[in-house]
Each structure stands twice: as structure tokens, then as C-alpha cells.
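Asker: my questions are about this predicted structure, shown below with the sequence.
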Amino acid sequence: MTSPDPMHFYQPAHGHGLPHDPFNAIVGPRPIGWIASCSADGQRNLAPYSFFNAFNYTPPIIGFASIGRKDTLRNIEQTGEFVWNLATRPLAEAMNASCAPAPAEVDEFELAGLTPAPSRLVQVPRVAQSPVAFECRRTQIIQLQGADGGAVPTWLVLGEVVGVHIARHLLVDGVYDTAAARPILRGGGPADYFEIGADALFRMTRPAWP
Ligand SMILES: Cc1cc2nc3c(=O)[nH]c(=O)nc-3n(C[C@H](O)[C@H](O)[C@H](O)COP(=O)(O)O)c2cc1C
């Protein structure tokens, strides 16, 4: 009798053969793009996006993927502006409330009990309760393609960070303290999240060459 292959292999196009799709749990935990935007007529919007990351230092560029044409995508197409807000453990329930598939005319700031604070450089407000926010201007919106070149109904929204707000208590001798902010990250399954604390930290410097 041969022992089973120790590696489970699957081709996503043909199914994963597991009780739950592991993709999100493997590429995780992911930082959350908690994105505020406004429609052309000024209707406020707030929603979380965990297909989110930073892509460049200078200028700083962040991006997130809208799976389908959602209100956030439409707003950023219309106005060219958005604000990223840091999702923290004290704000986890509000972040979750802001993902409700509410009609475009619903203000998720109100829905989630959050206060809009005016931004400095863009018309879109930031979440006053969040300790960090990036004011962003859209740089590119790219519709994704599959390996066969076929269009995928997902849009990667990229924006330059033009303004940064940081609560001063997170600057310890001027150095930003990641763990002190208690950021939350998205894991897999319908409900898994991780909170980053000081115990998750380890340090490693890059190797020199030669
Ligand atoms: C933690 C979390 C992460 C999410 N990540 C994404 C994502 O990366 N892309 C996406 O299209 N929807 C994502 N969603 C779902 C959107 O938040 C949801 O569809 C929301 O209603 C979109 O709002 P909008 O239409 O106002 O833009 C996520 C939801 C949660 C709770």
C-alpha cells in the first residue's frame, strides 16, 4: 500500500477539494484597508478591504482590490480621492459594521457610530476614532486579468498617500510604535482576525554582501 502524498495539491480552477477554500487563510493575516470615500454629490462611504497593501515608499502608494463594482470603487472613479484608516482592536466591531452591503445612500460612518473628521488635503473625511489615517489621491485603477488574458471583474485601486495623520501617543521618541496601535488583521474563514501586540515582534537585519 502506498502512503498518501504528504502535500495536498490542487488547481484552483478545478476546486480545492477541502471543506473550506484555504486561500484567504494562507495569505494571511492581511492588513485591512478601511477606506473612506465620497460620491461626486458628497455622499459619505466607509468600507473594509483586506485585499489591501502598500506598494511603494517614494511616493508612498497603497492599493486595494474591489471584487465587483462596489460603492468605494465608483466613488474613487468619480472624485479621485480616498482616505485609509487604521483598523484597531477597539474599532474592530465598528469596522465590521461598516462592511454591511448597505445601499449607496447609507453613510457607514453613521451606521457604525463613527465620527467623520475633516481631512486637510482631500474632501473625504477620516475616521476621527482611528489613530492613523492616510489622505490619498487615486493614481491608477486597473481591472485584473486571469492567466488566459480574460478580464476578471475585480479592480485594483491604487492611490498616492499625500497626507498622514498619526496620534501622537503612538510616536515614542518620534518612532511609530506598531504594536501600541493594536492593529487588527484579517485571517481566513468567515470570521478570523488577528490582533498584533508587542509579543508578535522579532527583529532581523538584512544580510550584508559580500
Ligand atoms: C475584513 C473585511 C475585509 C474585506 N475585504 C474585501 C476586499 O478585499 N475586497 C472586496 O471587494 N470586499 C471586501 N470586503 C467586503 C466589503 O467590505 C463589502 O462588500 C462592503 O459592503 C463594500 O462596501 P462599499 O460598496 O461601500 O464599497 C471585506 C469585508 C470585511 C469585513
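Answerer: Sure, I can see it.

Asker: any idea how many residues pack against the nearest residue to residue 28 once chain neighbours are set aside?
Answerer: Excluding the flanking residues, the one nearest residue 28 by CB to CB, 6 or more residues apart in numbering is residue 187, at 4.7 Å. No exception for glycine: its C-beta is placed from N, CA and C like everyone else's. Neighbour count for residue 187, taken as other CB atoms under 10 Å: 17.

Asker: so what's residue 187 scoring on pLDDT?
Answerer: pLDDT for residue 187: 97.

Asker: could you do residue 1 as well?
Answerer: So, for residue 1, pLDDT stands at 66.

Asker: which bits of the chain sit near the ligand?
Answerer: Neighbours of the ligand within the chain, by CB under 6 Å from any ligand atom: 32, 45, 47-51, 64-67, 70-72, 96, 99, 101, 186.

Asker: now those: which count as buried?
Answerer: 32, 45, 47-51, 64-66, 70-72, 99, 186 (16 or more other CB atoms under 10 Å).

Asker: buried ones in the lengthiest helix in the chain?
Answerer: Secondary structure of the chain read by DSSP state H shows that its longest helix is helix 71-79. By 16+ other CB under 10 Å, the buried positions in helix 71-79 come out as 71-76, 79.

Asker: and stretch 147-162, by the same measure?
Answerer: 154-162.

Asker: inside strands: which ones of the residues you listed?
Answerer: In this view, the buried residues of stretch 147-162 that belong to strands under DSSP state E are 154-162.
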